[in-house]
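Asks: Provided below are the primary sequence and the corresponding predicted coordinates.
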Amino acid sequence: MTSRRPARGSAPAERGGVTVLTAAFVATALVLTAGLARVGEATVQRARADGAADAAALGAAGVLAAGGTGSGARAEAARLARANGARLVECACADRVAVVTVAVGAARARARAEVTG
């Protein structure tokens, strides 16, 4: 049996195929990494918004519990939202209930606190 060899000077069709596959793999990995980074960032923003909303609602309820006004409760909610890296979007503080909505980047969170007793 004789084996066939390519003629001298001719290059196989697959030459450089590994380079193309490696480049495609690297590009796919970069796209996936960027996507995961965005998901991670959104998750962190949501967690920060949740914490800021909780703090703002509790602060506003504290003002209401001390006999403060709705505008005083709103001011305290805004202060605590800023202290937690958020922006107060909405504050409904009346009677003994504070409901606040805050934003951190694109994430929004809502929290409610009620004065009992």
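Replies: Arrived safely. Numbers count the residues shown, from 1 in each chain.
Asks: What are the contacting residues of stretch 74-81?
Replies: For stretch 74-81, contacts defined as C-beta atoms under 8 Å, 6 or more residues apart in numbering pick out 52-53, 55-60, 62-63, 68, 87-88, 91, 93, 98, 100, 102. Every C-beta, even on glycine, is put in place using the N, C-alpha and C of the backbone.
Asks: Which ones among these map onto strands?
Replies: Within those, residues falling in strands by DSSP state E are Arg87, Leu88, Cys91, Cys93, Ala98, Val100, Val102.
Asks: Tell me how far Thr101 lies from Arg108.
Replies: 6 Å (C-beta to C-beta, to the nearest Å).
Asks: Would you show me how to pick out the buried ones of the ones in strands among the contacts of stretch 74-81 in PyMOL?
Replies: In PyMOL, this line selects whichever of the ones in strands among the contacts of stretch 74-81 come out buried by 16 or more other C-beta atoms under 10 Å:
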select buried, resi 88+91+93+98+100+102
